[in-house]
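[1] Kindly return the folded structure for what I paste below:
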Amino acid sequence: MLITPSALPGPPGGRSFVGADHGGLPVSLFLVRMPPGSGPKLHRHPYAEIFVVDTGQADFQVGESRLTAHAGEILIAPAGAAHRFTSAGRDELRLTAIHTAATIETEWLAPDAGPTSGEQVEHRPPAPDGTSRRGDPHPLTRT
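    Numbers count the residues shown, from 1 in each chain. Next comes the predicted model:
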């Protein structure tokens, strides 16, 4: 099976591959392209996420740690760890965000958080009070 990025759902800056949609593979990913200063807000996943930086650099927050990852480096956010990143420097950031699960499940931790151009996901319908269906006060998205 060969898949071109343009065949994946999402805008050019955040194409997504969901393993469950491709024979039940146990991995999903985002192909991220972001201009400087942009990035997803604080969120977490119930599984580890692996970031492979292809070009540019990214300032990460993982839990209480703050790190800068450059082209050619790999950063891992452990399962359940709150994390975010921002495209840093002058060049476009290109990275692959590997989700170690067949589907992508994201819990947004800030009240105004949600997907950005680098991370387009389908939203679960909110409950009438605006919370996730689980009663969690933070938005939850799944793909």
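[2] Tell me what residue 105 is bridged to.
    Counting by DSSP bridges, residue 105 forms beta bridges with residue 142.
[3] I figured it hits residue 46, correct?
    Yes. Counting by C-beta atoms under 8 Å, residue 105 touches residue 46, with 6.0 Å between them. Just so you know, the C-beta spots here come from the backbone N, C-alpha and C atoms, and that holds for glycine as well.
[4] who has more neighbours, those two?
    It is residue 105, of residue 105 and residue 46, that has more neighbours when counted by other C-beta atoms under 10 Å, with 17 against 10.
[5] What segments of this structure are helices?
    With DSSP state H as the definition, the chain shows no helices.
[6] Identify, among the helices and strands of it, the element with the weakest mean pLDDT.
    Within the chain, judged by mean pLDDT, DSSP states H and E, the helix or strand with the poorest mean is strand 140-142; its value is a mean of 50.
[7] Please determine how far the residue nearest to residue 8 when sequence neighbours are not counted is located from residue 73.
    Take residue 8 and drop its neighbours on the chain: the residue closest to it by C-beta to C-beta, 6 or more residues apart in numbering is residue 15, 3.9 Å away. To residue 73, residue 15 is 21 Å away according to C-beta to C-beta, to the nearest Å.
[8] more crowded one of the two?
    Between residue 15 and residue 73, counted using other C-beta under 10 Å, the more crowded position is residue 15 (21 against 14).
[9] check contacts around residue 45.
    77, 79-80, 99, 101, 104-107 (C-beta atoms under 8 Å, 6 or more residues apart in numbering).
[10] Residue 24 now?
    residue 102.
[11] can you check the one 5 residues further on too?
    For residue 29, the contacting residues are 16-17, 96-99, by C-beta under 8 Å, 6+ apart.
[12] where's the residue nearest to residue 8 relative to residue 75, distance?
    20 Å.
[13] One more: residue 12?
    23 Å.
[14] neighbour count winner among these two?
    Higher neighbour count among residue 12 and residue 75: residue 75, with 20 against 11, using other C-beta under 10 Å.
[15] on that earlier part again, neighbour count added to the contacts of residue 29, as JSON lines?
    As requested, these are exported to JSON lines (neighbours: other C-beta atoms under 10 Å):
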{"residue": "16", "neighbour count": "22"}
{"residue": "17", "neighbour count": "23"}
{"residue": "96", "neighbour count": "15"}
{"residue": "97", "neighbour count": "23"}
{"residue": "98", "neighbour count": "18"}
{"residue": "99", "neighbour count": "24"}
